[in-house]
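1. Please work out how this folds:
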Amino acid sequence: MAFVKPVWFVHPHLYLLFSNYTSLTPASSLHSLTAASCRENNRNNITTTGFQGSIFEDNGFVGRLRAIPEDDEGVDVAYLEASLAKHNEEGHGSDQKARKRPQVAQKHYKNIIYTVPTFSNPSGRTTSLDRRRELVRLARKYDALIIADDIYDFIHWNSTSTSLSPPFIPRIVDIDHVLDGGPTTSFGNAISNASFSKILAPGLRTGWTEATPTFIRGLSQCGSSVSGGAPSQFVASIIAQTLMNGTLQNHIERVLIPSFKRRYQVVHSAIERYLLPLGVVLEGKMEKSMQGGYFVYFLLPPCILAKQFVLRAWEDEAVLVADGDIFEVHGDEDAVPARHGVRICFAWEQENLLSEGLRRLGKVLANMLEPESCVVIGREAVDGKFLESKI
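-> Below you'll find the model as predicted:
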């Protein structure tokens, strides 16, 4: 499998569905994707972040979502296969009568696998090439659709070089097209979902979906698109101009990537200075040659719950960050516990405030560690990792 440059790479046999027919953003497009590709009685499998869990729940999947953990290579495929196999043994999906009929050129999959394979939200991990191949083969075996949010493929850099980063890992949708002779059906088993809101401007709620021609045809037949029309036709027309004249590509390469690279380095240095000495564990640490995305994720000492820490940070120091609880999959929280996790978004706040914000978080954590009941004695485990007490 060769490496490909992700920016504006489109395989000649894959079709793009722009916002004229589908979604405004990856978040809202999940409504259309689940409507077009899921039976109502399916059990979904969702990766560890659970970031879009509420959207699946809005589509009728309350209580049927499963969290899949990550390791250093990304999605834990062995855990995922065990979950899919158990699902099959329990008789969910294929043996039950569907309560909705597929429209023209639509396929209802038995399982849905949602993932952010590159710089995952919130962990920042990237799924390796071998794992992506395994995911595709697993999806084919268990009749699953992989929904990959791929927007962070466009935002990556090499911290040791001033030039643009080398080509990145192929997307799952590209792997599905060529692996073992290509898709086993005309629908394929993977789609790529992305948005211009994170690479052009947050207010541009316009996105795109990339998949096989047959899948795209079926997705365009969702009721909300057929009867509702284009959700953002005017904005899509403006964005199309930035693609044709090179404005968007230049914006990514000359504005976003240099800025995000500086921001990441500032945040990482501040975490090392203000938080690691207090027992914080940095998750999803990126190699210098492969950094990117929007987020940094860390684990607090075992005695500190993220929800309490985030509340104190806001009340005491006017710093707003995301606690890990919001990324847990409702009903399956213990599979991928995140109650000690905190996500930092370095893409939002002004550069000159990032280090100060981390300094204040360190102050809050130090204050919370003061009571005797919160002293870490000896070696304590944090989600399988061990750290020496700094107190």
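2. ok, which stretches of the stretch 101-250 of the chain are helices?
-> 129-141, 172-178, 213-219, 223-228, 233-244, 247-251 (DSSP state H, counting those that start in this stretch).
3. Which strands or helices does the shortest one pack on?
-> Of the remaining helices and strands, those touching helix 247-251 by 3 or more Cβ pairs under 8 Å, 6 or more residues apart in numbering; DSSP states H and E are helix 233-244. Backbone N, C-alpha and C define where each C-beta goes, glycine included.
4. cool, the fifth one as well?
-> Applying 3+ Cβ pairs under 8 Å, 6+ apart, we find helix 233-244 packed against helix 247-251.
5. Tell me the pLDDT of the residue nearest the centre of the chain.
-> Geometric centre of the chain, nearest residue: Val116, 3.0 Å, by Cα atoms, centre = their mean. What the model reports for Val116 is a pLDDT of 92.
6. count of neighbours near the residue lying closest to Thr126 once chain neighbours are set aside?
-> Spatial nearest neighbour of Thr126, chain neighbours left out: Thr118 (5.2 Å); criterion: Cβ to Cβ, 6 or more residues apart in numbering. Counted with other Cβ atoms under 10 Å, residues neighbouring Thr118 total 28.
7. in this structure, which ranges drop under the pLDDT threshold?
-> Along the chain, the parts satisfying pLDDT under 70 run over 1-55, 58-60, 91-104, 162-167, 224-225, 228-231, 371-391.
8. per the record, what domains does it have?
-> Domains of the chain are assigned by automatic domain parsing as 15-244, 250-388.
9. so of these, which one's packed in deepest?
-> Highest mean neighbour count among the domains of the chain (mean count of other Cβ atoms under 10 Å): domain 15-244, with a mean of 19.
10. Quick check: the gap between the residue lying closest to the residue nearest to the centre of the chain once chain neighbours are set aside and Ala366.
-> Nearest residue to Val116, sequence neighbours excluded (Cβ to Cβ, 6+ apart): Asp149, at 4.7 Å. For Asp149, the distance to Ala366 equals 36 Å [Cβ to Cβ, to the nearest Å].
11. re the thing from before, which residues does the residue nearest to Val116 bridge with?
-> Asn193 (DSSP bridges).
12. I'd assumed Lys198 was in contact with it.
-> No: counting by Cβ atoms under 8 Å, Asp149 does not reach Lys198; the two are 9.9 Å apart.
13. Quick one: the strands in the stretch 201-350 of the chain, in order.
-> All strands of the stretch 201-350 of the chain, identified by DSSP state E, counting those that start in this stretch, fall at 207-211, 281-283, 291-292, 295-299, 322-323, 341-345.
14. quick one, which of those is nearest to Ile257?
-> strand 291-292 (8.3 Å; Cβ to Cβ).
15. what does the closest one contact?
-> Residues outside strand 291-292 that contact it (Cβ atoms under 8 Å, 6 or more residues apart in numbering) are 118-119, 152, 155-159, 165, 260-261, 264, 286.
16. got it, and stretch 136-147?
-> Here stretch 136-147 has contacts from 30, 33, 37, 45, 77, 80-81, 84-85, 87-88, 94, 109-115, 135, 172, 175-176, 179-180, 184, 189-191, 193, using Cβ under 8 Å, 6+ apart.
17. Show me those residues that map onto strands.
-> Of the contacts of stretch 136-147, the ones assigned to strands by DSSP state E are 45, 111-115, 190-191, 193.
18. Out of those, which is nearest to Gly341?
-> Taking Cβ to Cβ as the measure, Gly341 lies nearest Thr115 of the ones in strands among the contacts of stretch 136-147, at 17.9 Å.
19. roughly how far is stretch 235-246 from the heart of the chain?
-> Centroid separation for stretch 235-246 versus its chain: 25 Å, with Cα atoms, centre = their mean, to the nearest Å.
20. brain fart, stretch 209-228
-> Centroid displacement of stretch 209-228 relative to its chain, using Cα atoms, centre = their mean, is 22 Å.
21. cool, and stretch 139-147?
-> 18 Å.
22. what distance separates the start and the end of it?
-> Stretch 139-147 stretches 11 Å from its first residue to its last (Cα to Cα, to the nearest Å).
23. same check, this time on stretch 114-122
-> End-to-end span of stretch 114-122 (Cα to Cα): 14 Å.
24. on that earlier part again, can you say which of the strands of the stretch 201-350 of the chain is nearest to Thr247?
-> The nearest among the strands of the stretch 201-350 of the chain, by Cβ to Cβ, is strand 207-211 at 17.0 Å.
25. Compute the inter-axis angle for the closest one and helix 233-244.
-> Per axes from the mean of the first three to the mean of the last three Cα atoms, to 10 degrees, the angle that strand 207-211 makes with helix 233-244 is 70 degrees.
26. Could you list every helix and strand in contact with strand 207-211?
-> strand 15-17, helix 26-37, strand 190-195, helix 213-219.
27. Can I get the third one in CSV? Just the C-alpha atoms.
-> Once side chains and other backbone atoms are set aside, the C-alpha atoms of strand 190-195 remain, and they are given as CSV (Å, rounded to 0.1, in the frame of the first residue of the first chain):
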residue,chain,number,x,y,z
ALA,A,190,-16.2,2.6,4.2
ILE,A,191,-17.0,6.2,3.7
SER,A,192,-15.1,9.4,4.4
ASN,A,193,-16.8,12.2,6.2
ALA,A,194,-15.4,15.7,6.5
SER,A,195,-16.2,19.4,6.9
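28. still on that earlier bit, Pro213 versus the residue nearest to Thr126, what's the distance?
-> For Thr118, the distance to Pro213 (Cβ to Cβ) stands at 25 Å.
29. for Leu353, same thing?
-> Separation of Leu353 from Pro213 (Cβ to Cβ) stands at 47 Å.
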